[in-house]
Structures are given as C-alpha cells and as structure tokens.
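Visitor: this one's sequence-less:
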Ligand SMILES: Nc1ncnc2c1ncn2[C@@H]1O[C@H](COP(=O)(O)OP(=O)(O)OP(=O)(O)O)[C@@H](O)[C@H]1O
C-alpha cells in the first residue's frame, strides 16, 4: 500500500528561528493521526507542508504519490481537504453556508461566476446533511457560531472527496456539547468505507476521537515521539511534549490528562483499565 505522504528530514527555518527541525514522518492509507504539541511547537507549519501550501527550507516531501517541487500543487491541492483558522479567515462573512461548501469544488472561498454542475450541488447537499448543517444552508458564514463554522469548514473540506483530510485544531473554541458533536462526527467519518486519511491537530488529548490510530508529538519543531497511539501516547511522552509531569488515562479509547500529583509517578499512559 503506498504512503499517503512521506516527509524526509523536513526543516523549515525563518530568520532567527527553526519552525521544523528534520522532521521525518510517513502516513499510510487507512491511518488516522493526531498531532499533539504546545503552542508554537510547529503543528500548523507541519500541516502547511503536508497541505502543500508551504515549501520546506530543506528535506523531501511526497504527498499522494507526488514529489513536491516537481508537481502542479494546485491540482494536488484539490485532492487534499484542509481546515484551519487561515482558511476560515479567507471566507467572506457575507457568503452563504451553501456557497462556502459548494465553492470548494472550484477551490475558491466565495462564489463568483463559476458554473457548478448538478453533481456538485448534490454533493454539497449530501455533505451538509452528513455534518448536520443543512438547516444553516442559507445563513451567512459571518453569522454562525464557532461550532457551526467548524462544521461548515469540515463540510467544505470534504466537498471534493479528498484523499487526505487535514484538520488544524477543529475543536478549538467549541463548548463541551459542540466539541463532543464534532468528535462524534469524526468518529463516524473515520470508519466510513471511503474515509480519507485523517490528520488532526490538537492541544488536548480529550479531543482525540475513538478510532484514531497514530500520534505524533511535537515540541520546538522536533518530533518527541510518533507511532501507534496505544503504545506511543504515554504519560511520559506527553509530559516531555508539554514540559510537565502528567497523569494520563484511557477510558475505552477516550483520553484525559492532568498534572501528576506531587510524588505520583507519571507512568500510567496507555492504561486501559
Ligand atoms: N514567518 C515566521 N517568522 C518567524 N517565526 C514564525 C513565522 N511563522 C511562524 N513562526 C513561529 O514558528 C513557531 C511555530 O508556529 P506554528 O504556527 O507552526 O505553531 P503551532 O504549534 O501551530 O502553534 P499553536 O498551537 O499556538 O497554533 C511559532 O513560534 C511561530 O511564532
């Protein structure tokens, strides 16, 4: 089975700062990854490299079988769904939800004079139904709550039936109910027969949907640990990533973490009891 994407010693530098430091990472078909790390760790930068919107300073990148630097990235990007605050900021607030979703078919953020086929319109209606946002179709994007916006962005990212779906902090700013609804949607999506390869960025282990298979932990542009979630997501690795001693619990696939009590050993990661 070919890799969905492969990064080899990817480094991204800016004047006076290394954003990513020799990151090597392979994601295969059928995998669902969560990227964990503190503020400024380089998570969004990593998503931009995989999403082909940022070219690394050095290293090799191959996405969906195409080598970056030798391929028309605009065509490649139509095979990748990417949600982030940057994408949200590009959407005109006066655009209707229906058009925000539909316009992904032309890789534009607002509807202008593009012509849409019946199949595109049907697909937009179907995706809005799956994400539970059909009732919002005629509302303007700028009037939506944060939770509603996140769902619209995911619907938009799914519009082109991507092979790879990158979700950069999809649960940020959501209340408990909206977060749980979003996690439930991701759990359903992740087990669908034609599910794309999923990569989700988060600050919180509580946001990891059940069924996610792998984790990559990042700190200061360096990979702290990566691999299958059951063996890699330990209190020790998470503590090293966030710079504090942690206790980690796993209850039927949902994780919780908190600072370790004084004198408590922070070694209960992967505990499924
Ligand atoms: N053009 C730039 N020049 C200098 N530093 C930059 C530039 N772009 C990003 N950075 C820095 O690179 C680091 C990594 O940024 P990035 O947005 O990838 O982190 P992140 O892990 O997504 O953070 P957060 O969780 O806060 O969103 C941050 O310290 C950021 O300030």
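Guide: Everything's here; your move. The structure displayed is predicted, hence computed values, not measured ones. Numbers count the residues shown, from 1 in each chain.
Visitor: now the stretch 151-273 of the chain against the ligand: closest residue?
Guide: residue 203 (6.1 Å; Cβ to the nearest ligand atom). The way it works is simple: take the backbone N, C-alpha and C, and place the C-beta from them, glycine included.
Visitor: and the pLDDT at that residue?
Guide: Looking at residue 203, its pLDDT stands at 92.
Visitor: shouldn't it be in contact with residue 36?
Guide: Yes. Between residue 203 and residue 36 there is a contact at 7.2 Å, judged by Cβ atoms under 8 Å.
Visitor: more neighbours: which of the two?
Guide: residue 36 (28 against 17; other Cβ atoms under 10 Å).
Visitor: nearest spatial neighbour of the more buried one, skipping sequence neighbours?
Guide: Spatial nearest neighbour of residue 36, chain neighbours left out: residue 217 (5.0 Å); criterion: Cβ to Cβ, 6 or more residues apart in numbering.
Visitor: how many residues are close by that neighbour?
Guide: 25.
Visitor: whatever helix or strand it lives in pairs with which strands?
Guide: Assessed by DSSP states H and E, residue 217 sits inside strand 214-219. If you go by DSSP bridges, strand 214-219 pairs up with strand 32-36 (parallel), strand 222-228 (antiparallel).
Visitor: show me what from this structure comes close to the ligand.
Guide: Contact residues (Cβ under 6 Å from any ligand atom) of the chain with the ligand: 14, 17, 19, 37, 39, 40, 41, 42, 43, 44, 45.
Visitor: any idea what the second one is bridged to?
Guide: Using DSSP bridges, the beta-bridge partners of residue 17 come out as residue 14.
Visitor: picking that back up, need the strands paired with strand 214-219 in TSV (columns: distance to residue 73 and mean pLDDT).
Guide: Below are the strands paired with strand 214-219 laid out as TSV (distance: least, Cβ to Cβ, whole Å; pLDDT from 0 to 100):
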stretch	distance to residue 73	mean pLDDT
strand 32-36	21	97
strand 222-228	24	98
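Visitor: looking at these, which is buried most?
Guide: Burial of the strands paired with strand 214-219 is given as mean neighbour count (mean count of other Cβ atoms under 10 Å); strand 32-36 ranks first at a mean of 25.
Visitor: shouldn't residue 38 be in contact with residue 219?
Guide: Yes. Look at residue 38 against residue 219 with Cβ under 8 Å: they come within range, at 6.6 Å.
Visitor: hey, what's in contact with both of those two?
Guide: Residues touching both residue 38 and residue 219 by Cβ atoms under 8 Å, 6 or more residues apart in numbering: 241, 242, 243.
Visitor: what about the second one, how many residues close to it?
Guide: To tie it back to what came earlier, the one meant is residue 242. 19.
Visitor: quick check: closest non-adjacent residue to it.
Guide: residue 38 is the one closest to residue 242 (Cβ to Cβ, 6+ apart), at 5.3 Å.
Visitor: before we move on, what about residue 224?
Guide: Closest to residue 224 by Cβ to Cβ, 6+ apart is residue 217, at 4.3 Å.
Visitor: that neighbour: what's it in contact with?
Guide: 35, 36, 37, 223, 224, 225, 226, 232, 237, 238, 240, 241.
Visitor: one more time with 6 Å, if that's ok
Guide: Shown in contact with residue 217 (Cβ atoms under 6 Å, 6 or more residues apart in numbering): 36, 224, 225, 237, 241.
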